[in-house]
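Q: following is a predicted model, sequence given first.
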Amino acid sequence: MKINFLLLLLLNVLTGLGQTETEAPYKRFPTLPPINILLIDSATRFTEKNIPKNQPVFIILFSPDCDHCQKETEELIDNIDKFKKIQIIMITMMPFGKMKTFYNLNRLGRFKNIKVGWDSQYILATFYRLRNFPYMAFYDKKGKLINTFEGSLPIAKAVKIFADQK
């Protein structure tokens, strides 16, 4: 009994020592993350392999219930012509049904460069160490990270981030 306790204690200590890493994964790997989301049709998977080559990528992590996310989406839609050559990937970890309602409410299906999907495994929330919505990650046409932003961001600033890469 005493040996089992000591082994359990040792295992906990070793596990704790292995988790001292402080740098977020997106900083250690500043390229497109491993995307694997379920699209709105509930049958199609979208991965980073589906992203057109030589095209900048704008990843937005959002919650369908978030007022800031809703306003950010409305502003994005109002300025969609400034994002014609940018692949926009909107991702949520919230329930699929809420994502579908958000998608339909904003009529996002009318935009060919916007993909909306569900990250059921919370991979991207962990990758970016998500704390607040919306969360935005900007990638250049080679898939290299340009910048990230947590919280509301005026769309004009998002446009400028991509424009400065040209």
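A: All right, it came through fine.
Q: switch to C-alpha atoms for all contacts and neighbour counts from now on
A: OK.
Q: stretch 41-61 - what's its average pLDDT?
A: The pLDDT scores in stretch 41-61 average 94.
Q: start and end of it, how far apart?
A: When the termini of stretch 41-61 are compared using CA to CA, to the nearest Å, they are 19 Å apart.
Q: gap between that stretch and the chain center?
A: How far stretch 41-61 lies from its chain's middle: 10 Å, per CA atoms, centre = their mean, to the nearest Å.
Q: wait, residue 128 sits on residue 26?
A: Yes - with contact defined as CA atoms under 8 Å, residue 128 reaches residue 26; the gap is 5.7 Å.
Q: for the residue nearest the centre of the chain, give its distance to residue 165.
A: Central residue of the chain (CA atoms, centre = their mean): residue 61, 4.0 Å from the mean position. Relative to residue 165, residue 61 is positioned 22 Å away (CA to CA).
Q: which residues of the chain fall in helices?
A: All helices of the chain, identified by DSSP state H, fall at 2-17, 25-28, 67-78, 96-105, 123-127, 155-163.
Q: so where's this structure uncertain?
A: The chain contains residues with pLDDT under 70 at 1-21, 166.
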